[in-house]
Every structure is written in structure tokens, then in C-alpha cells.
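Q: Next input, structure requested:
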Amino acid sequence: MKSKKTALYSLHQKHGAKFVLFAGYQMPIQYSKGIIEEHKITRNKAGIFDVSHMGQLFIKGSDQLTIDLETVFPTDLKNISLNQSKYSFLMNEDAGIYDDLIVTKIDGGFNIILNAACKETDFEILKKLLKNKYEMKLSDNLSLIAVQGPNSVKILEKIFNGVSKLRFMNGNWFNYSDQKIFITRSGYTGEDGFEISLPNNLAEDFAKKLVNQGAKPIGLGARDTLRLEAGLCLYGHDINESTSPIEANLKWAISKRRRKEGGFPGYGKIKSDMNGKLSRLRVGIKPDGKVIAREGTKIFSEDNQEIGLVTSGTFGPSINSSIAMGYVKYSFSKTGTKILLEVRG
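A: Now for the predicted structure:
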């Protein structure tokens with residue numbers, strides 16, 4: 001299968017990107033400065049991430065769509081404000097996670113940001129669950145650019161007057177080159193930041209403008225170290241169809257009203273998980289020293305029982321130490337518990 005390229009491909013090339021194939025796309029893993037430097041730029045200044053490989057799904061419909069979407073997602077969509085976003089899940093009947101996603105209420109319906117590797121499958125699942133009642137479009141003419149880091153608000157405010165007034169997980173429409181673009185205050189780095197959805201033909205010009213204002217292009221490598229330091233899950237690694245949101249320690253993402261009322265796929269399992277029948281839990285792990293415990297590393301208790309598995313592990317440049325996350329037996333999930341990791345035997 002031929003690999004795809006985003007609208008920013010030639011800009012990545014100009015900045016010396018090293019590419020990898022990710023979810024069928026040629027994506028920059030890093031630039032000449034390297035992952036650690038790119039990580040620090042994002043934490044201290046501002047970084048630009050090309051996330052155009054993600055799915056941007058638009059569903060049109062009236063109040064009935066909100067009701068129907070609540071039979072799909074465990075989120076309180078009835079009380080969501082216009083242009084407000086919520087982190088949510090698409091789940092199977094056993095509460096296994098098909099995908100984690102961001103749902104935004106927009107004029108005339110909803111926009112859903114899907115993970116790149118899952119977007120086509122998600123689209124089919126959603127069409128089926130919504131019984132083909134609504135107009136649904138998985139856009140291929142839009143790019144998605146994230147600007148992350150403490151300077152991102154200053155940089156964007158110079159281009160869009162009023163963008164600094166956006167609250168976290170809220171968005172709005174802005175004008176750029178006589179076209180409407182949608183900006184939300186959100187991201188995947190643990191820093192303040194914004195995600196900008198705009199037509200493909202404006203993407204390169206816009207990214208150049210960000211570079212001129214002092215933001216630097218950042219690759220997928222630093223995106224991974226940043227999200228791991230922030231304790232954020234990566235789909236297909238930390239969560240998948242065999243993990244429920246409760247054991248993934250993501251109960252906060254299921255609205256209180258929905259926890260009580262249910263009415264979405266997997267509610268039975270969610271309810272039993274919440275009522276104390278949990279066998280394992282996702283935890284953050286801080287290994288001693290700089291040895292990296294990668295995905296698949298076995299976790300043991302101090303008396304050598306095997307109690308779990310690491311799902312993500314790397315070096316955390318901000319804390320100058322190894323970091324990881326994984327699942328352990330519930331009885332070992334208390335903060336401060338001492339565990340042992342088996343690295344390379």
C-alpha cells in the first residue's frame with residue numbers, strides 16, 4: 001500500500017525531518033536537533049506538531065443526534081456547551097476501548113477527532129451504531145496542527161486576536177486568509193496549547209508563520225516523551241480493546257450522570273469495575289536511575305511474584321530520569337508501592 005503524506009510534508013523536509021511510516025503516513029519522528037532538544041523546546045517555549053494524520057469526523061444532526069450519541073459515548077453530551085470538547089471513548093460491549101477520542105459540539109452537530117490508525121474502523125463502527133441515520137464525513141481536505149508550550153498563547157494571539165480568551169477544552173472559529181478555521185485550546189503534551197483545524201491549502205503558509213514567530217517543528221518522538229511525562233495514554237499501547245476505562249485509571253472521563261444512568265456499550269463491565277471488582281490498574285512508574293523499562297517489561301512485587309506489565313516506557317527529559325506506565329494487580333496499585341522491573345533479563 002502506498003504511504004500517504006500530509007500537506008506539511010515538504011515543510012518537514014526543508015527542516016531536515018527524519019521520517020517514519022506511522023498509521024500509513026510518512027511522519028517526522030524528529031528533526032536535526034533531536035528528540036531531547038525538541039522535548040525541551042516544547043516544555044520551555046513552543047513547538048509545532050503536524051497531527052494531520054488524525055481523523056476529523058463531522059456528524060450533522062439536531063437534538064436527536066445528541067441523544068443517539070449518548071448511546072455510543074459515556075459522556076454527558078446534553079450539557080456540553082457549543083464549541084466545548086470532551087475526552088471520551090468508543091467501546092465494545094465488554095467496555096474494551098476501540099479508540100479514545102475528542103468530541104466537540106459544533107453548530108449543527110459534532111466533530112470527533114479520531115486516532116490515525118483507528119479512524120476508518122471507527123467510522124464504520126459509528127455508522128453502524130448510529131444506524132446510518134446521519135450525514136457523516138471523514139474529512140480528507142483538512143489539516144490539524146498543534147501548537148504546544150508556554151509561548152504558544154503569545155504566538156497565536158499575534159495571528160488571531162482573542163485566541164488567548166479560549167478556556168481549556170473550548171474552541172471557536174477564527175478567520176485566516178479569508179477562510180474559517182477552528183481552534184481549540186487543548187493538546188497532548190501536558191503543556192498549555194492549541195489545536196488548529198484548517199484547509200490543507202492553508203497549512204504550509206500557516207506553519208511557516210508559526211515558525212517565523214519562534215515556534216519550532218517537533219516530531220513524533222518528542223510527542224511521545226511529552227505525553228508520557230504527562231501520564232497520557234497512547235492508543236494501542238496503554239489502552240486497547242482488552243482494557244476498560246476504569247482499569248486504565250480513566251474513570252474521570254466518564255461523566256458522573258452517565259456513571260449512574262448508563263445506556264452505552266460496556267456499561268455492565270464499567271459498573272462492576274467501579275464497584276470494586278477491579279483486578280488491575282494502570283499506574284505511573286518511576287524506575288531508579290536511567291535504565292529504560294520499555295513496553296513489555298515484566299513487573300514483579302518485592303517478593304518476586306509477577307504482578308504486571310509495562311505498556312509505555314522512555315527517558316523523561318524534563319525530569320532527567322527513566323519513566324514508565326503499565327498495569328499492576330490492583331492490590332499493588334497504591335502510590336509509593338515498591339516494585340521490581342525485569343529489564344533485558
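Q: helices or strands next to the lengthiest helix in the chain in the packing?
A: Selection of the longest helix in the chain by residue count, based on DSSP state H, yields helix 200-212. In terms of contacts (3 or more CB pairs under 8 Å, 6 or more residues apart in numbering; DSSP states H and E), helix 200-212 is packed against helix 9-14, strand 47-50, strand 142-148, helix 152-159. Bear in mind the C-beta positions are built from the backbone N, C-alpha and C, glycine included.
Q: right, so these: which one is the most enclosed?
A: For those, the largest average neighbour count (mean count of other CB atoms under 10 Å) is found in strand 47-50, namely a mean of 27.
Q: want to throw the helices and strands packed on helix 200-212 into a markdown table with mean pLDDT and distance to L220?
A: Output for the helices and strands packed on helix 200-212, formatted as a markdown table (pLDDT from 0 to 100; distance: least, CB to CB, whole Å):
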| stretch | mean pLDDT | distance to L220 |
| --- | --- | --- |
| helix 9-14 | 98 | 11 |
| strand 47-50 | 98 | 8 |
| strand 142-148 | 98 | 12 |
| helix 152-159 | 98 | 18 |
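Q: okay if I get those as a markdown table plus distance to P265?
A: Output for the helices and strands packed on helix 200-212, formatted as a markdown table (distance: least, CB to CB, whole Å):
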| stretch | distance to P265 |
| --- | --- |
| helix 9-14 | 37 |
| strand 47-50 | 31 |
| strand 142-148 | 27 |
| helix 152-159 | 36 |
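Q: Out of the ones you listed, which gets nearest to I102?
A: Closest of the helices and strands packed on helix 200-212 to I102 is strand 142-148, at 10.8 Å (criterion: CB to CB).
Q: quick one: the closest one to chain centroid distance?
A: Relative to its chain's centre, strand 142-148 lies at 13 Å (CA atoms, centre = their mean, to the nearest Å).
Q: Adjacent strands (with direction) for it?
A: If you go by DSSP bridges, strand 142-148 pairs up with strand 47-50 (antiparallel), strand 193-199 (antiparallel).
Q: thinking again about what came up before, could you check the angle helix 152-159 makes with the longest helix of the chain?
A: Angle of helix 200-212 versus helix 152-159, following axes from the mean of the first three to the mean of the last three CA atoms, to 10 degrees, is 120 degrees.
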